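**Q** the following comprises the amino acid sequence and a computationally predicted model.
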Amino acid sequence: MLFRSDVLMASGVPAERVCVETASRTTAEQAANVAAMLKALDLAGPVVVVTTTAHMPRIVQCLEAYGIACLPSGTPELRYDGRGRGWRRWWPSMAALTGSASAMYEHMALVRDGVRRA
């Protein structure tokens, strides 16, 4: 499996311009760690956030809480339709069940995070 940093460098982005955060265990920790990294490197401007479309609203919300402007870029690699075509995309499957679980997790996390801030 290729890491995003490998893909970036293979696409011509210089290695010294690629930062990878690997210490976090949660989305909130990741946002805090990324904010600290950007501050330590004295980087300003928007950052490109690459994640699944289900996870995007939560990570963007966390990063924006630190004043980080985001350019969301949803990844097409994680799909929950079993790669079916036509009506088969809507047929019940384990892939669809996994997608539903992921979507519920993300929405409940948004609710939880909103309650914690209140």
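**A** In hand now; what should we look at? Numbers count the residues shown, from 1 in each chain.

**Q** so where is the protein shaky, pLDDT-wise?
**A** Applying pLDDT under 70 to the chain picks out residues 1-4, 76-83, 115, 117-118.

**Q** which strands or helices does the helix or strand that contains Asp113 pack on?
**A** Element membership for Asp113, per DSSP states H and E: helix 94-117. Secondary-structure packing of helix 94-117 (3 or more C-beta pairs under 8 Å, 6 or more residues apart in numbering; DSSP states H and E): helix 56-65. Backbone N, C-alpha and C define where each C-beta goes, glycine included.

**Q** buried residues in the helix it packs on?
**A** Buried residues in helix 56-65, defined by neighbour count with 16 or more other C-beta atoms under 10 Å: Met56, Arg58, Ile59, Val60, Gln61, Cys62, Leu63.

**Q** using CSV, list the CA coordinates for that helix.
**A** The C-alpha coordinates for helix 56-65 follow below in CSV (Å, rounded to 0.1, in the frame of the first residue of the first chain):
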residue,chain,number,x,y,z
MET,A,56,-14.3,15.3,5.6
PRO,A,57,-16.8,17.5,7.5
ARG,A,58,-15.4,16.5,10.9
ILE,A,59,-11.7,16.9,10.1
VAL,A,60,-12.4,20.3,8.4
GLN,A,61,-14.3,21.4,11.4
CYS,A,62,-11.5,20.4,13.7
LEU,A,63,-8.8,22.1,11.6
GLU,A,64,-10.9,25.3,11.2
ALA,A,65,-11.2,25.5,15.0
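
**Q** what angle separates that helix from helix 94-117?
**A** With axes from the mean of the first three to the mean of the last three C-alpha atoms, to 10 degrees defining the directions, helix 56-65 sits at 30 degrees from helix 94-117.
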